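the sequence isn't on hand, but the structure is:
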């Protein structure tokens, strides 16, 4: 799944709005108080990888797998204005919704989103994007 995250990050970096786009191992690694993060910033990681049963019954295993990626948006308070994640979320959705992270993967569809945290002068929002692919026992 590292290629899926790497490809997603590379795709997100094509939009100059995002001043920083980085991978995370998992949410426990996220720290809103990080120094040196230029906002708005994105942090990307794999949340869950869920295989479904192989229903064919004979031969090599083929399974559909749903993978969900989380993208954390971090933004700061600009010129005393209240934080508004909607324009940032629209840009993120425009980039990922309907875009396929790898060959053989369905395009991302939307998942849940929520406010993740608020700190002094900064806040974070997390959005989920899911895709599905087929895992083949005989594939390299």
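Received it, and whenever you're ready, just let me know what you need. On a predicted model such as this, the values are computed, not experimentally measured, just so you know. Residues are numbered from 1 along each chain as shown.

what about the nearest residue to residue 128 once chain neighbours are set aside, how many neighbours?
Computed as C-beta to C-beta, 6 or more residues apart in numbering, the closest residue to residue 128 that is not its neighbour in sequence is residue 111, at 3.0 Å. The C-beta positions use only the backbone N, C-alpha and C, and glycine is treated the same way. By other C-beta atoms under 10 Å, 14 other residues sit near residue 111.

confirm that residue 111 sits in a strand.
Yes - assigned with DSSP: H, G, I helix; E, B strand; the rest coil, residue 111 falls within a strand.

next one, pLDDT for it please.
Residue-level confidence at residue 111 comes out at 97, pLDDT.

make 662 the first number, not 1, from now on.
With the count now opening at 662, the last piece we talked about shows up as residue 772.

so it touches residue 727, yeah?
No - here residue 772 does not reach residue 727: they are 10.3 Å apart, not a contact under C-beta atoms under 8 Å.

where in the chain is pLDDT low?
662-663, 689, 692-697, 716-720, 801 (pLDDT under 70).

tell me where it has helices.
Using DSSP state H, the helices of the chain run over residues 663-673, 747-757.

so which of these is nearest residue 732?
Residue 732 lies closest to helix 747-757 among those, at 6.2 Å (C-beta to C-beta).

identify the residues contacting residue 788.
With contact taken as C-beta atoms under 8 Å, 6 or more residues apart in numbering, residue 788 is in contact with 731, 732, 734, 750, 753, 754, 771, 772, 773, 774.

where exactly do the strands run in this structure?
Remark: strands assigned in the chain by DSSP state E are 681-684, 702-712, 723-737, 770-780, 783-797.

from the contacts of residue 788, pick the one nearest residue 687.
Proximity of those to residue 687 (C-beta to C-beta) peaks at residue 731, which lies at 9.2 Å.
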